[in-house]
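Q: What would the 3D arrangement of this be:
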Amino acid sequence: MRLAAQRGVLAGAALVLAVMTSGCWDAVDVDKRGFVGMIGIESVGDPSEPMVAVTVRIPTFPGREQPSGQSGGAGSGTSPSGAPRPEVATGIGMYAEEAMATLRSRGGGILDLSALEYLVIGSTVLPCDLARALSAIMFSPYVPLTPLVFTTHENPASLFRVQLSGGRDLADHISGMQAQSELGLGSIQFRQIWEIAAILRNKTGDITLPIIDMIGSGERNVYELYFAGVAAYDGTKRVGIVDPEDAILLDSVSSGGSKGGVIRVRDGDRDIVVRLSGVTPRVKAARRHGQPAIAIDVRASGRLMDSGALRLGLMDRDDLKRLAGVVEKHMEKRLRSILSYLQGLNSDAMRLYHHVRPNMPEMSFDEFKQVYPSLDVEFRVSVDLTRAGLMR
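A: Numbers count the residues shown, from 1 in each chain. Predicted coordinates:
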C-alpha cells in the first residue's frame, strides 16, 4: 500500500507539472479572434433619451474564420474586385461600454482591440457621449494609446462598408491620403487618441479633427475618399468646419508647426500656386491691461509652381520678392479670418490658451473663454519663396 501511495503522489506531481508546462492552455486561437481595426461612435435614437452606437470594423482574410458572428455585418464574401469584405457590426447601448458589451455578447469569438488603428467620430455624437466614449476607450485593457482620430459626415457603419475602387483597404487608403496630403490641397493632420484626451482633460485649448468623407456612385459601387477639411470643437461639441486649405494654417498654429501643403493665392487677375514645405509659428503671449495679448510670428518656406500664364525666369528676383509679399499678405489675411471665425464659435481651436497659461497661471480656461471672443491677436508672416520648374 505504501508503494501504491508513492505511485499516486508521483502521478499527481506529473499531472501538475504537465499543466504548468503546457503553455497558454486557456488561450484563444488567433483565427478565432476578431482584430478590430476601426471603431466608429455616434449618438442615435430619441434626442431626449439618446443611445450610443458603436460600430467595429474587422478586416477579413482568405481562410480566416469569422470570429464574432454578429448580425448586421458585411458578410464574409468578396467585393466585386475579389478582395475579402470586412466584417462590420454595430452595438447600441446607453454608454459605449454597454454597446461594446452588446457586440461581445453575440459570441462566436473574441473582439480583440489590441490592433486598433482608427477611432471615427460621427457627426451626430453628443458632447457627453464623446467625452465618455474617449474615456472608455482610453482606459480599456489592451487598447493602445496610438489610434488616430478623425470625424466624418457619413454614418460610420456606411463608411466602414464602403468598397473603394481598385479593391483597396479602407485603413490603407486613409494612411495613403495622409502621406500624400502634403503634396496636394490641404494637409491632413491626425492626432492620436491620447493627445485628444489630454487636451480635453487638461483644458489647454479645444480640439480639431480631420473630416474624411466619401464620394462616388452607389449604382456602380465605386467610391473614393476625400479630405473635407477639419471640424472645430468647443470642448466636445462640434461647432464649425474649416476648409482644407485653411486647415494648413490652422494646424500650423495649433500643433506648433506644419509640414505644409498647397495654397492658391490671387495676384491681380491670375492665381498663383505655392507649395509650402514648412510652416513654423512663434507665439508670444503677454499681459496687457489685465488681459492676454498675443503676437504670432509665422515663418514659412515655399516653392512657386509654374502654371498657366505665370512664367518667371531664373533671374527674376524682383518679381519673386514681390510675389513673396503677396503670399505673406494672403496668409496674414487668412489667419485673421480663421481666428475671427473661431472666435464667433467660441472655439479655441488654435489652442491659444496653451500659450497664455504660463504667463497668466491664475486665469483658468473657462475664464479665458469669456474674454476669448475679443482677444487681441497680431499676425506677422514671413515667407521664403523660391521657384520651381526648368531653367529657361
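Q: Could you pull out the helices in the stretch 1-150 of the chain for me?
A: Along the stretch 1-150 of the chain, the stretches classed as helices by DSSP state H, counting those that start in this stretch are 2-20, 96-105, 127-138.
Q: Tell me how many other residues crowd the residue lying closest to Asp112 once chain neighbours are set aside.
A: Spatial nearest neighbour of Asp112, chain neighbours left out: Arg33 (4.5 Å); criterion: CB to CB, 6 or more residues apart in numbering. Yep, even glycine has a C-beta here, placed from its N, CA and C like the rest. By the criterion of other CB atoms under 10 Å, Arg33 has 20 neighbours.
Q: Show the pLDDT at Arg33.
A: Looking at Arg33, its pLDDT reads 70.
Q: Look up how far Pro59 lies from it.
A: From Arg33 over to Pro59 the distance is 12 Å, taken as CB to CB, to the nearest Å.
Q: and if you look at Arg201?
A: In this view, Arg201 and Pro59 are 31 Å apart by CB to CB.
Q: Tell me which of these two has more neighbours.
A: The residue with more neighbours, out of Arg201 and Pro59, is Pro59; 20 against 12, by other CB under 10 Å.
Q: ok, that one touching Pro86?
A: Yes - assessed by CB atoms under 8 Å, Pro59 is found in contact with Pro86 at 5.2 Å.
Q: what about the closest residue to Arg104 other than its chain neighbours, distance to Gly260?
A: The spatially closest residue to Arg104, leaving aside those adjacent along the chain, is Leu111, at 5.7 Å (CB to CB, 6+ apart). For Leu111, the distance to Gly260 equals 39 Å [CB to CB].
Q: can you check Ala247 too?
A: Distance of Ala247 to Gly260, computed by CB to CB: 12 Å.
Q: do the same with Tyr223
A: 28 Å.
Q: Show me which of those two is the more surrounded one.
A: It is Gly260, of Tyr223 and Gly260, that has more neighbours when counted by other CB under 10 Å, with 22 against 17.
Q: Ramachandran angles for the more buried one?
A: phi 110, psi -160 (degrees, to the nearest 10).
Q: Would you indicate which residues of the biggest strand by length in the chain are buried?
A: The residue-count maximum for a strand in the chain (DSSP state E) belongs to strand 270-288. Burial within strand 270-288, assessed by neighbour count using 16 or more other CB atoms under 10 Å, is assigned to 272-276, 279, 281, 283, 285.
Q: Generate JSON lines for the residues you listed, with distance to Glu117 and pLDDT as supplementary columns.
A: Below are these laid out as JSON lines (distance: CB to CB, whole Å; pLDDT from 0 to 100):
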{"residue": "Ile272", "distance to Glu117": "38", "pLDDT": "85"}
{"residue": "Val273", "distance to Glu117": "33", "pLDDT": "87"}
{"residue": "Val274", "distance to Glu117": "33", "pLDDT": "89"}
{"residue": "Arg275", "distance to Glu117": "29", "pLDDT": "88"}
{"residue": "Leu276", "distance to Glu117": "28", "pLDDT": "88"}
{"residue": "Val279", "distance to Glu117": "27", "pLDDT": "91"}
{"residue": "Pro281", "distance to Glu117": "30", "pLDDT": "94"}
{"residue": "Val283", "distance to Glu117": "32", "pLDDT": "93"}
{"residue": "Ala285", "distance to Glu117": "36", "pLDDT": "91"}
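Q: In terms of distance to Leu183, which of these ranks first?
A: Of all those, Leu183 sits closest to Arg275, with 7.6 Å by CB to CB.
Q: The closest one against Arg264, yeah?
A: No - with contact defined as CB under 8 Å, Arg275 does not count as touching Arg264 (10.6 Å).
Q: Now do the end-to-end distance for stretch 357-375.
A: End-to-end distance of stretch 357-375: 14 Å, with CA to CA, to the nearest Å as the criterion.
Q: For the stretch 151-300 of the chain, give me the ranges with low pLDDT.
A: Applying pLDDT under 70 to the stretch 151-300 of the chain picks out residues 185, 217-221.
Q: residue boundaries of the helices in it?
A: Counting by DSSP H, counting those that start in this stretch, the stretch 151-300 of the chain has helices at residues 156-161, 170-180, 193-202, 244-254.
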